[in-house]
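A.B. asks: Based on what follows, work out the 3D shape:
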Amino acid sequence: MNNSTVRAYLPRVEKELRENILPFWLKHTRDEQRGGFFGEISHDLKISRDAERGALLTARILWTFASAYRHYPQADYLAMAKWAYDDLMNHFWDEQHGGFFWSGNADGKPTNQRKQVYGQAFGIYALTEYYRVTQDPVALDRAIQVYKLLEHHARERTFGGYLEAFAGDWSPIEDVRLSQIDLNSPKSQNTHLHVMEGYTNLLRVWPDEGLRRSQRELIETMITRILDSKTHHLGLFFSNDWKLDTDRISYGHDIEAAWLLHEAALVVGDADLLKRVRQIAVEIARVTAEEALEPDGSLLYEGTPKGVTQTYREWWSQAEGAVGFVDAYQLSGDEKYLTIGLRLWDFIEQNLVDREHGEWYRMVSREGEKSTDPKVSFWKCPYHNGRACLELAERLKKIG
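C.D. replies: I've put the predicted structure just below:
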């Protein structure tokens, strides 16, 4: 693949970010009367004004627009980040027990005060990105406070790793599921992946040695407990002592973990660990490509050791796949991974970008039927696709 071909993708990626994704969220999602954001907007832009709101959506908007401003210092990106920061701190921060409530009503009053560790991780990720562009000491202090809460309450000392969820006062609860489709297991890949992601960003701005040790141990947990070294798939749900609770495989999480592990090891700065992680990341990409790619370039959703079981193509997994395969190319020099990553971008443009109403469809079926799921919801956010554009643009500039 020649440099001119690679360079041709850069303006496409930046245009998608700056003329579709970011403008969509700027134009449609802020609740100007009550503050914060609308909890749900349909695929054709109908607003559900009474929909439940989650700290997760606000944190992901905060990260996206703070990061966008860091790359492209446009005033309305920073204003949107400030709007999201105020919403996160005014409506979801628990002044009594610390950390972030899981959800609230449309007026911003807490409805579910549980402390989902996954949600706390995104709080750290968002606050630290906001700090990177504003140097607001309160944002950093809050991120550090959440990190210390996780180390105190969620860190599982007997077998390692982090537990899933707690009550509002950080006491244990029986049902720790992140969502209705998840298992009620005490430990999960998804939570560990995003705690690691949050800790990576915190370590960038707060090079504390205790945090560095925690992150090094977390990476070790990811590559020795959660990753199957024989198959190079990551398990999804585990017992407290790391027995696998399901044989399901999430191809999108696998390839997302590959590049986030690489990023985490880079920031930790341990040369031996980084060498191991680089090899692992390329192996994950190799297996994902062999088992889950469609002839049209897209990434299938889920499988088991016997093969693919879910054939739809979710917006987030295509976005993470594009980044993960380009990262594998940068690590290995093998052009097949660059080709796979750019073909994924082609698929996204042709099948997931909504040219009529803006943003991306949540998913498209194997037969090409586009989802009518909400464009904005508890889980549908600008973080995966916005971040993919930011990451791809940065990487394409280096490659081309």
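A.B. asks: surely Ile41 meets Leu57?
C.D. replies: No - Ile41 lies out of contact with Leu57 (Cβ atoms under 8 Å); the separation is 11.0 Å. All C-beta atoms are positioned from the backbone trio N, CA, C, and that covers glycine.
A.B. asks: Just list the residues touching Gly99, thanks.
C.D. replies: Counting by Cβ atoms under 8 Å, 6 or more residues apart in numbering, Gly99 touches Trp93, Lys115, Gln120, Gly123, Val146, Leu149, Trp170.
A.B. asks: switch the cut-off to 7 Å
C.D. replies: Listed by Cβ atoms under 7 Å, 6 or more residues apart in numbering, the contact partners of Gly99 are Lys115, Gln120, Val146, Leu149.
A.B. asks: so the third one is in which element?
C.D. replies: Following DSSP states H and E, one finds Val146 within helix 137-149.
A.B. asks: For the next helix or strand after that helix, what does the pLDDT average out to?
C.D. replies: Per DSSP H and E, the first helix or strand lying C-terminal to helix 137-149 is strand 165-166. Averaged across strand 165-166, the pLDDT comes to 98.
A.B. asks: ok now strand 165-166, how far from the chain's centre?
C.D. replies: Counting by Cα atoms, centre = their mean, to the nearest Å, strand 165-166 is centred 20 Å from the centre of its parent chain.
A.B. asks: For it, which outside residues touch it?
C.D. replies: By Cβ under 7 Å, 6+ apart, strand 165-166 touches Arg114, Lys115, Gln116, Val117, His153, Pro172, Ile173, Val176.
A.B. asks: Run a quick neighbour tally on the last one.
C.D. replies: Think Val176. 21 (other Cβ atoms under 10 Å).
A.B. asks: per-residue confidence averaged over stretch 330-340?
C.D. replies: 98.
A.B. asks: let's number from 35 now, not from 1
C.D. replies: All set: I'll call the first residue 35, so the last point we hit is now stretch 364-374.
A.B. asks: Now that stretch: buried residues?
C.D. replies: Judged by neighbour count using 16 or more other Cβ atoms under 10 Å, the buried positions of stretch 364-374 are Gln364, Leu365, Ser366, Tyr371, Leu372, Thr373, Ile374.
A.B. asks: Can you tell me which of those residues is nearest Gly355?
C.D. replies: Ile374 (7.9 Å; Cβ to Cβ).
A.B. asks: Which elements pack onto the helix holding Val180?
C.D. replies: Applying 3 or more Cβ pairs under 7 Å, 6 or more residues apart in numbering; DSSP states H and E, one finds that helix 171-183 makes contact with helix 151-168, helix 223-239.
A.B. asks: Thank you kindly, that will do.
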